[in-house]
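Engineer: Pasting the sequence and the predicted model now:
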Amino acid sequence: MTPGARAAAAIEVLEDILHHHRPALRALGDWGHMHRFAGSADRAAIGNIVLDALRRKNSLAWRMEDGSPRALVLAHLRFDAGHSPEEIERMGRERHGFGPLSSAERVRLAEPRALEGAPPWVRGDYPEWLHSSLLSAFGTEDETIAATRALARRAPLDIRANALRGSREAVAEALKRHGPEATPLSPWGLRFHEDTRGRLPKLTNELAFHRGDFEIQDEGSQVAALLCPAEAGASVLDYCAGGGGKTLALAARMRGRGRIYAHDAELGRLSPIIERLRRAGVEDMVEIVAPHERDKLEPLRERMDLVLVDAPCSGSGTWRRKPDIKWRLREKTLERRLQTQAKLLDEAAAFVRPGGYLVYVTCSVLPQENAGQVAAFLERSPEFAPQDWRGHAEMLTRLPAAADDGPFLQVSPHRHGTDGFFIALLRKGEKGGG
């Protein structure tokens, strides 16, 4: 496909996403199925255009004074990809291109409206209705814009070496042709960047992956598992296990010794876990508890050393990878998430033994899902007390920079190069104590 044809295809996919409110990856997948002539390089290039346009939808629309899919793609070609107006004009006239430019498009590509003086949600590329929440999260307007701009960039690919199979160094050697870098916070992590074509390596095709030597996992998620007080031989309940990413990391944290119960309220989210446990070699230490088997959890009440609540959330910390979700998020959806999080915390707390830990994690940067949710829980459950994350960071390569000296940790791409994760450690008082 020509560059102009790729851009035209991106406009078509963006129309599907924005006009029908469809998930971006599903829309891209459907386009690929209906256009089988497009090769893998074409599909990757179209996907990059679509996702980049979504990452910076507000600022691109501002520069063009037009938020249509066509205007977003043209703005991406000009201001992100660096093509001149003349090159873009030629692309439009290529076979299967997007057609000639209008006079207004020529003007805006040559003389775009400046971002200086634009509202912060334009410069930071986030929904206007989230401004007060994000300002509360990051403290100042400048910091908010820096944080959200980082969330509007492409993400690298992180993996977690399986410490039960071997070392990070051995995995790095097996994957050295892809240029791995050691992650700065997690001793398990390796990071991979795009090649000159803007493509990340397809590591799930590697033999080392199928041997269980590593799993795909953002460093922020690895940090959450490393901060969990889960020693070898512990009893652990992963209450929102999903596909099992943190279950697997906890199994490595526990050196393969102990018992983990992996539960989730939705069976579909649990389905990948069986193959992942087998591949990692930890199927014998993990018991999967499906939603219709909740009665199996009853004997675990007040007996768990650690209960992890990796709560469903807005996903605002993953905007780099899933930029469409920030534009689909609505206030009512967020309110339902907050209610679910509170319910999960209350349910999970019942399984923590006296002296045990409840760890609450989200992939969010919104304070109402994070510190606000924990504060409300502590009001309801005074038998729990916050624990400073620094006292449980012995497995980290180095301490993450923290925005303040509070007991909870927020990691984010602009400070740490990770997805946005919030981690709170809460300890239940011993019997007879508060």
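Structural biologist: Done, it's in. Numbers count the residues shown, from 1 in each chain.
Engineer: For L297, see how far away the closest residue to K296 other than its chain neighbours is.
Structural biologist: Take K296 and drop its neighbours on the chain: the residue closest to it by Cβ to Cβ, 6 or more residues apart in numbering is V289, 5.1 Å away. Where C-beta positions appear, they are placed from N, C-alpha and C, glycine not excepted. Distance of V289 to L297, computed by Cβ to Cβ, to the nearest Å: 6 Å.
Engineer: before we move on, what about R6?
Structural biologist: From R6 to L297 the distance is 50 Å (Cβ to Cβ).
Engineer: Can you get me a residue count around R149?
Structural biologist: The criterion is other Cβ atoms under 10 Å. On that basis, R149 has 18 neighbouring residues.
Engineer: Need the three-state assignment for it.
Structural biologist: Following DSSP: H, G, I helix; E, B strand; the rest coil, we place R149 in the helix state.
Engineer: give me every residue that touches it.
Structural biologist: 123-125, 414 (Cβ atoms under 8 Å, 6 or more residues apart in numbering).
Engineer: Out of these, name the ones that lie in helices.
Structural biologist: Counting by DSSP state H, the contacts of R149 place 123, 414 in helices.
Engineer: Among the contacts of R149, which one sits closest to E231?
Structural biologist: H414 (33.2 Å; Cβ to Cβ).
Engineer: Can you verify my assumption that the closest one contacts A150?
Structural biologist: Yes. Contact status for H414 versus A150: in contact at 3.6 Å, counting by Cβ atoms under 8 Å.
Engineer: mind giving me the domain ranges of this structure?
Structural biologist: According to automatic domain parsing, the chain comprises the domains 3-115, 157-216, 219-428.
Engineer: could you redo those as a markdown table and give each row mean neighbour count, mean pLDDT and distance to D142?
Structural biologist: A markdown table is the format used below for these (neighbours: other Cβ atoms under 10 Å; pLDDT from 0 to 100; distance: least, Cβ to Cβ, whole Å):
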| stretch | mean neighbour count | mean pLDDT | distance to D142 |
| --- | --- | --- | --- |
| domain 3-115 | 18 | 95 | 14 |
| domain 157-216 | 18 | 96 | 24 |
| domain 219-428 | 19 | 96 | 11 |
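Engineer: out of these, nearest to E143?
Structural biologist: domain 219-428 (8.3 Å).
Engineer: now the end-to-end length of that closest one.
Structural biologist: 28 Å (Cα to Cα, to the nearest Å).
Engineer: Over to stretch 376-389?
Structural biologist: By Cα to Cα, the extent of stretch 376-389 from end to end equals 19 Å.
Engineer: swap in stretch 286-296?
Structural biologist: First-to-last residue span, stretch 286-296, Cα to Cα: 14 Å.
Engineer: just stretch 283-292 next, same as before
Structural biologist: Start-to-end, stretch 283-292 (Cα to Cα) is 20 Å.
Engineer: I'd say G92 and P100 touch.
Structural biologist: Yes. Taking Cβ under 8 Å as the definition, G92 is a contact partner of P100 at 5.6 Å.
Engineer: Neighbouring strands of the lengthiest strand in the chain in the sheet, and parallel or not?
Structural biologist: Assignment by DSSP state E gives strand 352-362 as the longest strand of the chain. Strand 352-362 pairs in its sheet with strand 304-310 (parallel), strand 421-428 (antiparallel), by DSSP bridges.
Engineer: Reformat these as JSON lines; add distance to R197.
Structural biologist: Shown next, in JSON lines, are the strands paired with strand 352-362 (distance: least, Cβ to Cβ, whole Å):
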{"stretch": "strand 304-310", "distance to R197": "34"}
{"stretch": "strand 421-428", "distance to R197": "30"}
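Engineer: Show residues contacting the longest strand of the chain.
Structural biologist: Contact partners of strand 352-362, identified using Cβ under 8 Å, 6+ apart, comprise 224, 227-229, 246, 302-311, 313, 317, 341, 345, 348-349, 369-370, 373-374, 377, 384, 387, 421-431, 433.
Engineer: what about the strands in this protein?
Structural biologist: Using DSSP E, strands in the chain cover 157-161, 181-182, 189-192, 214-216, 234-238, 258-263, 286-289, 304-310, 352-362, 384-387, 409-411, 421-428.
Engineer: for G258, which residues make a bridge with it?
Structural biologist: For G258, the beta-bridge partners under DSSP bridges are A234.
Engineer: surely it meets T247?
Structural biologist: No. The pair G258 / T247 is not scored as a contact, 12.0 Å apart, by Cβ under 8 Å.
Engineer: show me the contacts for the residue nearest the centre of the chain.
Structural biologist: For the chain, the residue nearest the mean C-alpha position is T318 (3.1 Å; Cα atoms, centre = their mean). Neighbouring residues of T318 by Cβ under 8 Å, 6+ apart: 325, 363, 419-420.
Engineer: Tell me which residues touch S133, please.
Structural biologist: Contacts of S133 (Cβ under 8 Å, 6+ apart): 366-368.
Engineer: Check the gap between it and G406 for me.
Structural biologist: For S133 relative to G406 (Cβ to Cβ), the value is 18 Å.
Engineer: What backbone torsions are found at S186?
Structural biologist: phi -90, psi 130 (degrees, to the nearest 10).
Engineer: hang on, isn't it packed against L226?
Structural biologist: Yes. Using Cβ under 8 Å, S186 is in contact with L226, at 6.3 Å.
Engineer: quick one: which of the contacts of R149 is nearest L203?
Structural biologist: Using Cβ to Cβ, those come closest to L203 at H414, 25.4 Å.
Engineer: ok, the closest one - contacts?
Structural biologist: 146-147, 149-151.
Engineer: Most neighbours among those residues, which one is it?
Structural biologist: Of those, with other Cβ under 10 Å as the count, L151 tops at 27 neighbours.
Engineer: Return the residues in contact with the residue nearest to that residue when sequence neighbours are not counted.
Structural biologist: Sequence neighbours aside, W319 is the residue nearest to L151 in space, at 4.3 Å (criterion: Cβ to Cβ, 6+ apart). Residues in contact with W319 (Cβ under 8 Å, 6+ apart) are 55, 126, 151-152, 325-326, 420.
Engineer: Perfect, I'm done here.
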